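I'll drop the sequence and a predicted model, then ask my questions.
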Amino acid sequence: MKENAEVIEINDKRYPKALKDALKNLIPSQWPKKLYYKGNWPALSEVEGGGNIFKNCLAVVGSRHLTSYGRRATEQIVTEIAAAGITIVSGFMFGGDEAAHSSAVRCGGRTIAVMPCGIDVIFPPQNKKLYEEILENNGLIISEYEGNFKPVNYSFVQRDRLVAGLAKAVFVTEAALGSGSLITANYAKKFGRKIFALPGQITSELSKGTIKLIKEGAEPVCEANDILSFYKVLVSQKRVAAAPAGATEKGSLEEKILDQLCREPMKADDMARMFAVPVAQLGTALSLMQLKGFINLDNGKYYIN
Amino acid sequence: MLIKVPSVANMGLETILVDIEINLANRGLPGFEIVGLPDKSVGESKERVRTAMVSSGVEFPQKKITINMAPADVPKEGSMYDLPIAVGILSSVMEFPVPDKSLFLGELSFDGSLRHTKGAFLMALYAKEFGFKNLFVPKDSANEAACIKGLKVFPVENLTQLCRHFAKQDQIFPVEYKEEKKNIVTFAEFDMKEVLGQEQAKRAMEIAAAGGHNLIMIGSPGSGKTMLARALPGILPPLNETESLEVTKIYSASGDIPPGGGLIIRRQFRAPHHTASLAGLVGGGSKPQPGEISLAHRGVLFLDEFNEFPRSVMEAMRQPLEDGCLTISRAKQRIQYPADFMLVASANPCPCGYALHPKKNCTCGPNQIAKYQKRISGPILDRIDLHISVMPVDSEEFSNNQENSEFLESSEKIKQRVVLARQKQQARFADEAIHSNSQMKNEHIKKYCRLSKEVEQILRQASLKFQLSARSYMKMIKVSRTIADLAGVEEIELPHMLEALQYKPKNYETA
């Protein structure tokens, strides 16, 4: 990323209101005086109008060693939430954070990555592609550190307070006891934020943290609407932008495919199994829809345009 | 005394008659000499013949023995002349005439027995064409020669047995010509129903097998590419009669028919490792030998880890992929080997392999990926008809869902459809020089693949949208022809073309 970083001071009117409110719970020396960012920070008019990237934020955090269950659940739930227009905030780490960011990006949603390092550093480096995708999708990269500052132990914890502070609620997908995700949850408690947690297996180490949160009063999440109702977006709005209403016949295979792809991107093989049609027939439908521009193929999975 | 024993010389797949002229002179010092451009292995035949005769209880004549191999200007090579030389000397010692219209071939062992020798099938073909009636070959090579109808093939075990046969004390019974069984059990390491998921890849395999199309699979390690390829032989149609003869010829010339083996009736599946040399893969050497691509003639050449093959090896396959044969030119000779194979390649999308993996993170930089992908050249990719990405299967999903088993078709069932589609093609190309849809040239496409307006419009639209090359455009038509054949339909219809588009060349990274 050759793009230059820009900076927002704490006195700026465009400084996120939610974060400012949250910081009141901390001593002033802990306030981030400057926020460095990449991407398009909303203009003043947008901030005052309220319809900006910071309006409805959900922090999604999870273990670095996400299980396949955790990943699937994250993809399923976060995709729907991001598609409904809610901004996903996370810490750009691999595992849970990365799953949250990429789910949001994949469905064209907006997401904010809060970095534990200087604004000019991409950490971890293997997430470079995701970094670019976040910016391409009108997302933001934020850090309180300037330049080439390397991440250190404390900066990860400091980052967590920004993640919790930017969002109205925190959704913990998977966390071991004593993990960084629980630090974010603790900040959220301090800031008076709502906490959601994904129920997991009691046998999994990575579910012990989330189960503890639920015991302490966090709300268990089984579907996207559990969270969306908190944001007063009751039914997730399906994004069927490319395929106009009535473009497909009711009950046809095309409609089933569009319906499914609204929820999550899928492989052709999985769809064939799900709809119990021969893959040859499914391929025919997919090609046609691709030609019409309704869907697209990326990374071996089909997406809605 | 002059004796003449006919044998043959095989140069590549060509066979010529070689007369072994044996002169036993009473005058002069005893000796044994061979002339007529023998190579080292032919020269050493002297020692084998001498010892074998002594072991068989025949006294080796103490005379000046001179052997001429005519025509004298063609280089002779191999161990096959042991038997004709021995027969010549024996006929003089034991005083029996060399039988008329007979050809001899075989390598001798020191104990007088005959060993499996390459080229018996080629000799039989020659015998049939030029009116020879009797063939004397080693017992292990007799089945190979007996694939040709109308010849008496005598399986010779050892010299003693042969002497008794000529002295009419005993008889060697010729091997019967065997009509090959029509129902061949195909052998594959895996059955298609053992491959869980991968429906689209399996379908692509079916199309490739039906139309003889080249295919490339791109996917992460462990996604099942190799397993799919290993299951492929199970759905290949059997060779037809002419194809069978072509393949057996090549294998006989290279000596790859096992002892006792006969006509090759299965399509061959060759899977050379990526360290294969240029000569090993496309053929060559100072005495040009067929390479893997020729051994895969009418069958499958499976190249695992395709982008690990050296660039020179890959590029050398370009011309045979187009022409179906390869001419190896040397200063002394030019040999043409057929090489009409179906290329099945598999490759990783990036050096670490996980660029396409839905869960694992790829750790390769964009430069690395671009460099890795460049190892397969555009012209080669352009010659591949079916491109598929193979994604790893979620094992959890399958352990929980047993009802999916109805979705898993056995190789046998898929093969039935493939065979029917092949029969359709054979009927269609009865008057042409080609066998399968993949071999169609533009003139054939014009003739046999008429597209309706609707279908053509979709194809044009697709080629604009997906930026297909002119060659890819033609390939889409060929593939849709095969899909229509699989469906048992004469005209290429819209669904066939749309399905064909699923297997179009893809951008590697985002396949």
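Arrived safely. The structure presented is a predicted model; accordingly, all values stated were derived computationally and were not measured.

how about the residues of the stretch 151-300 of chain B near chain A?
B:197, B:198, B:199, B:200, B:201, B:202, B:203 (CB under 8 Å from any CB of the partner chain). C-beta coordinates here come from the backbone N, C-alpha and C atoms, glycine included.

For chain B, which helix or strand comes out least confident on mean pLDDT?
helix B:395-400 (a mean of 64; mean pLDDT, DSSP states H and E).

would a markdown table of the residues of the stretch 151-300 of chain B next to chain A with neighbour count be doable?
Converted to a markdown table, those look like this (neighbours: other CB atoms under 10 Å in any protein chain shown):
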| residue | neighbour count |
| --- | --- |
| B:197 | 25 |
| B:198 | 27 |
| B:199 | 24 |
| B:200 | 25 |
| B:201 | 26 |
| B:202 | 25 |
| B:203 | 27 |
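
Could you point out which of these is nearest to chain A?
residue B:199 (3.9 Å; CB to the nearest CB).

How many residues are close by the spatially closest residue to the closest one that is not a sequence neighbour?
Among residues not flanking residue B:199 along the chain, residue A:279 sits closest, at 3.9 Å (CB to CB, 6 or more residues apart in numbering or on different chains). Residue A:279 has 23 neighbours, counted by other CB atoms under 10 Å in any protein chain shown.

ok, now how distant is residue A:279 from residue B:192?
13 Å (CB to CB, to the nearest Å).

what do the two both touch?
By the contact definition CB atoms under 8 Å, 6 or more residues apart in numbering or on different chains, residue A:279 and residue B:192 are jointly contacted by residue B:202.

so where's the stretch 51-200 of chain B uncertain?
Low-confidence segments of the stretch 51-200 of chain B (pLDDT under 70): B:179-186.

Where do the strands of it begin and end?
B:64-70, B:102-104, B:107-108, B:114-115, B:134-138, B:152-156 (DSSP state E, counting those that start in this stretch).

Just the buried positions in the second one, please.
Think strand B:102-104. B:102, B:103, B:104 (16 or more other CB atoms under 10 Å in any protein chain shown).

now, which of these sits nearest residue A:188?
Residue A:188 lies nearest to residue B:103 out of the buried residues of strand B:102-104, by CB to CB, at 92.3 Å.

Which helix runs longest in chain A?
helix A:68-83 (DSSP state H).

send the alpha carbons of that helix over as PDB?
Taking C-alpha atoms only, helix A:68-83 is exported to PDB below (Å, rounded to 0.1, in the frame of the first residue of the first chain):
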ATOM      1  CA  SER A  68     -13.700 -25.100  11.500                       C
ATOM      2  CA  TYR A  69     -16.900 -24.800  13.400                       C
ATOM      3  CA  GLY A  70     -16.000 -21.300  14.500                       C
ATOM      4  CA  ARG A  71     -15.100 -20.300  11.000                       C
ATOM      5  CA  ARG A  72     -18.300 -21.600   9.500                       C
ATOM      6  CA  ALA A  73     -20.400 -20.000  12.100                       C
ATOM      7  CA  THR A  74     -18.500 -16.700  11.700                       C
ATOM      8  CA  GLU A  75     -18.900 -16.800   7.900                       C
ATOM      9  CA  GLN A  76     -22.600 -17.600   8.100                       C
ATOM     10  CA  ILE A  77     -23.600 -15.000  10.700                       C
ATOM     11  CA  VAL A  78     -21.200 -12.200   9.900                       C
ATOM     12  CA  THR A  79     -22.000 -12.400   6.200                       C
ATOM     13  CA  GLU A  80     -25.600 -11.800   6.900                       C
ATOM     14  CA  ILE A  81     -25.000  -9.000   9.400                       C
ATOM     15  CA  ALA A  82     -22.600  -7.200   7.100                       C
ATOM     16  CA  ALA A  83     -24.900  -7.600   4.200                       C
END
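
I'd like the next helix or strand past it.
strand A:87-90 (DSSP states H and E).

other SSEs contacting that following strand?
Applying 3 or more CB pairs under 8 Å, 6 or more residues apart in numbering or on different chains; DSSP states H and E, we find strand A:87-90 packed against strand A:57-61, helix A:68-83, helix A:96-106, strand A:111-114, helix A:153-166.

Work out the sheet partners of that strand and label each with its direction, please.
strand A:57-61 (parallel), strand A:111-114 (parallel) (DSSP bridges).

who's in contact with residue 145?
With no chain named, the answer covers chain A. A:36, A:115, A:117, A:118, A:119, A:155.

That was the other one, I meant chain B.
B:120, B:121, B:123, B:124, B:135, B:137, B:151, B:153, B:175.

For these, name the two members farthest from one another.
Using CB to CB, the pair of these lying farthest apart is B:123 and B:175, separated by 14.1 Å.

Please say which of these two ends up with more neighbours.
residue B:123 (29 against 20).

SS state for the residue nearest to that one when sequence neighbours are not counted?
In space, and not counting its chain neighbours, residue B:123 is closest to residue B:8: 4.8 Å by CB to CB, 6+ apart. Secondary structure, DSSP: H, G, I helix; E, B strand; the rest coil: residue B:8 is strand.

and residue B:8, what are its bridge partners?
residue B:17.

The nearest residue to residue A:93 once chain neighbours are set aside and residue A:99, how far apart?
Nearest residue to residue A:93 in three dimensions, chain neighbours excluded: residue A:64, at 5.7 Å (CB to CB, 6+ apart). To residue A:99, residue A:64 is 11 Å away according to CB to CB.

and if you look at residue A:28?
35 Å.

Next, whichever residue of the stretch 51-200 of chain A sits closest to chain B: phi, psi?
Closest residue of the stretch 51-200 of chain A to chain B, CB to the nearest CB: residue A:126 (4.8 Å). Dihedral angles of residue A:126 (phi, psi; degrees, to the nearest 10) stand at phi -70, psi -10.

how much space between it and residue B:219?
Per CB to CB, residue A:126 is found 20 Å from residue B:219.

Which of the two has more residues huddled nearby?
Counted by other CB under 10 Å, residue A:126 and residue B:219 do not tie: residue B:219 has more neighbours, with 26 against 16.

how's the chain carved up into domains?
Here I'm looking at chain A. A:6-228, A:253-304 (automatic domain parsing).

wrong one, chain B
Split by automatic domain parsing, chain B gives B:2-166, B:192-394+B:407-428.

Let's have these in JSON lines, adding distance to residue B:504.
Formatted as JSON lines, those follow (distance: least, CB to CB, whole Å):
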{"stretch": "domain B:2-166", "distance to residue B:504": "37"}
{"stretch": "domain B:192-394+B:407-428", "distance to residue B:504": "7"}
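
Just the element for residue A:119, please.
Using DSSP H and E, residue A:119 falls outside every helix and strand.

Tell me who's in contact with it.
Counting by CB under 8 Å, 6+ apart, residue A:119 has contacts A:5, A:36, A:37, A:38, A:141, A:143, A:145, A:146, A:147.

again, only using 7 Å
Neighbouring residues of residue A:119 by CB atoms under 7 Å, 6 or more residues apart in numbering or on different chains: A:5, A:36, A:38, A:143, A:145, A:146.

Now a ChimeraX select for only the buried ones of these.
To isolate the buried ones among these in ChimeraX, judged by 16+ other CB under 10 Å, type:
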select /A:5,36,38,143,145
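
Closest to residue B:77 out of the contacts of residue A:119?
The closest of the contacts of residue A:119, once distances to residue B:77 are taken by CB to CB, is residue A:38, at 72.3 Å.

Now the closest one. Nearest residue, chain neighbours left out?
residue A:141 (4.3 Å).

what's across from the one you found in the sheet?
Applying DSSP bridges, one finds that residue A:141 bridges with residue A:38, residue A:113.

Read off the pLDDT value for it.
As summarised for this prediction, residue A:141 has a pLDDT of 93.

What is the burial count for residue 136?
You didn't pick a chain, so chain A it is. Neighbour tally, residue A:136, other CB under 10 Å: 11.

Please refer instead to chain B.
Neighbours around residue B:136, by other CB under 10 Å: 27.

pretty sure it contacts residue B:152?
No: under the criterion of CB atoms under 7 Å, residue B:136 is not in contact with residue B:152, lying 9.5 Å apart.

How about the residues of chain A by chain B?
Selection of chain A residues close to chain B by CB under 7 Å from any CB of the partner chain yields A:68, A:71, A:94, A:126, A:267-269, A:272-273, A:279-280, A:283-284, A:286-288, A:291, A:298-300.
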